[in-house]
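# Could you work out the structure for the sequence below:
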Amino acid sequence: MSYSELSIEERATIQVSLRQGMSLRQIAHMLRRSPSTVSREVRRNPTQSGAYCAHSAQTHRCARRMVCRPKRKLLLGSERFELVIHMLRNRLSPEQIAGKLKRMMTPSFEDAYVCRETVYNAIYALPVGQLKKELIHCLRQGKSIRKPRRGQVDRRGQIPDMVSIHLRPPEIEKREMPGHWEGDLIKGKNNASAVGTLVELSSGYVILAKLHDATATSAVEGFSAALNRMPLAARKSMTYDQGREMAKHAQITQATGVAIYFCDPHSPWQRGSNENINGLIRQYLPKGTDLSHHTQEELDAIALQLNMRPRKRFGFRCPVEVLGEILAKHQESPPAIH
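The predicted structure is shown next:
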């Protein structure tokens, strides 16, 4: 249920109607307001004579709004703001300034603490001029417009029935058993095209999967086809971030038998192997290019080059060798090299 405060025109109507002898319920019906709204308005805004005056009521309303509104902590010309300007000119970031103010014990700055968003807002709220331009230039990014970071709605896709990375079997962390993967998407120009990337943890073996786009349906098709090319012993689990392309992860599990675990938000280090290999893949699939032009055969050729590169952590053996040895140890044939 929405509520809008009374306008000055409605207050004037209340004043005139009361003088004409109308009841509060009649006035409320005419204004299409609740009778309690009109009753409260008249009761809380009487003049010295006890009558209702629209102008006086509007003045009281403005005064109440000013009292309720919290005072700004960083006002231009204030001692505190001058201190913030001094720190900015010394190349401190808003977060560092907020932390430093929090530690200050000076009596005149007893309530000096402000969060970094307050510092940012104070800078970008300045009137257009040399000071605003100078302070923005002091920021690391130096952007003329900034979107607020506080109170934003998490726009990532809501993924049903997620299983947290913290519930993974301990053997995955040891990287001794084959079949545990980290997955991700790398996206092309305008996020209109995508390629799925998979890295096997025990060997560093890479698979690239062609996707039609970055939707959940394409992810099901691409990742399922890629994983099903591997022997059964190499299909145990996959760790992924909370990207919305994994909204249909249950279908991937059903098609491949691979259990899927999800990282914590904003924690790329929980998929460190995959993040590292994505940097190598970008040498072949640069950012800002249309990835839809690459066929699955071309992606397989790129993956083969990566899988034939000697790795220091394996004594300069390549991932194909390592995975083959591990699978042979577990009595499975090595994957076919595409």
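
# Every contact and neighbour count from this point should use C-alpha atoms.
Will do.

# if I've got this straight, residue 266 is in a helix?
No - Residue 266: not assigned to a helix; according to DSSP: H, G, I helix; E, B strand; the rest coil it is coil.

# For residue 220, see how far away the spatially closest residue to residue 200 that is not a sequence neighbour is.
Once flanking residues are discounted, residue 200 sits nearest to residue 181: 4.4 Å by C-alpha to C-alpha, 6 or more residues apart in numbering. According to C-alpha to C-alpha, to the nearest Å, residue 181 and residue 220 sit 16 Å apart.

# Which one of the two is surrounded by more residues?
Neighbours per residue (other C-alpha atoms under 10 Å) separate residue 181 from residue 220, with residue 181 holding more: 32 against 21.

# got a pLDDT number for the more buried one?
Predicted confidence (pLDDT) for residue 181: 95.

# That one - that's part of a strand, no?
Yes - checked against three-state DSSP, residue 181 lies within a strand.

# what helix or strand does the nearest residue to residue 190 once chain neighbours are set aside sit in?
Residue nearest to residue 190 in three dimensions, not counting chain neighbours: residue 288, with 7.3 Å by C-alpha to C-alpha, 6+ apart. Using DSSP states H and E, residue 288 sits in no helix or strand.

# Surely residue 288 touches residue 192?
No - in this structure, residue 288 is not within contact of residue 192 by C-alpha atoms under 8 Å, at 10.3 Å.

# who has more neighbours, these two?
residue 192 (15 against 11).

# Give me the pLDDT value at that one.
Turning to residue 192, the model gives it a pLDDT of 87.

# one step back: so what's the residue nearest to residue 200 bridging to?
residue 200, residue 238 (DSSP bridges).

# Look up how far residue 35 lies from it.
Counting by C-alpha to C-alpha - residue 181 and residue 35 are separated by 65 Å.

# low-confidence ranges in the stretch 201-338 of the chain?
331-338 (pLDDT under 70).

# Do you have the helices of this structure handy? List them.
Shown for the chain, the helices assigned by DSSP state H span residues 8-19, 24-31, 35-44, 54-68, 79-89, 94-103, 116-124, 130-138, 170-174, 216-227, 249-256, 272-281, 296-307, 319-329.

# Deepest-packed of those, please.
Comparing the helices of the chain by mean neighbour count (mean count of other C-alpha atoms under 10 Å), helix 216-227 ranks first with a mean of 20.

# how much does that helix deviate in direction from helix 249-256?
30 degrees (axes from the mean of the first three to the mean of the last three C-alpha atoms, to 10 degrees).

# And the contacts of helix 216-227?
Contacts to helix 216-227, defined as C-alpha atoms under 8 Å, 6 or more residues apart in numbering, come from residues 196, 207-212, 235, 244-249, 251-252, 255-256.

# same check, this time on stretch 305-313
Against stretch 305-313 from outside (C-alpha under 8 Å, 6+ apart): 204-206, 316-320.

# Show me the domain layout of this protein.
8-68, 79-138, 165-329 (automatic domain parsing).

# Tell me how far residue 225 lies from residue 275.
In terms of C-alpha to C-alpha, residue 225 sits 22 Å off from residue 275.

# still on that earlier bit, got CSV for the domains of the chain, with distance to residue 159 too?
Listed next are these as CSV, based on distance: least, C-alpha to C-alpha, whole Å:
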stretch, distance to residue 159
domain 8-68, 40
domain 79-138, 30
domain 165-329, 5
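
# closest one to residue 158 among these?
Among the domains of the chain, domain 165-329 comes nearest to residue 158, with 6.7 Å by C-alpha to C-alpha.

# And that closest one, how far out from the chain middle?
Mean-position distance between domain 165-329 and its chain equals 23 Å (C-alpha atoms, centre = their mean, to the nearest Å).

# In contact with residue 295, which residues?
residue 210 are the contacts of residue 295 under C-alpha under 8 Å, 6+ apart.

# mind checking how far it is from residue 94?
For residue 295 relative to residue 94 (C-alpha to C-alpha), the value is 47 Å.

# Then residue 86?
Applying C-alpha to C-alpha, the value for residue 86 to residue 94 is 12 Å.
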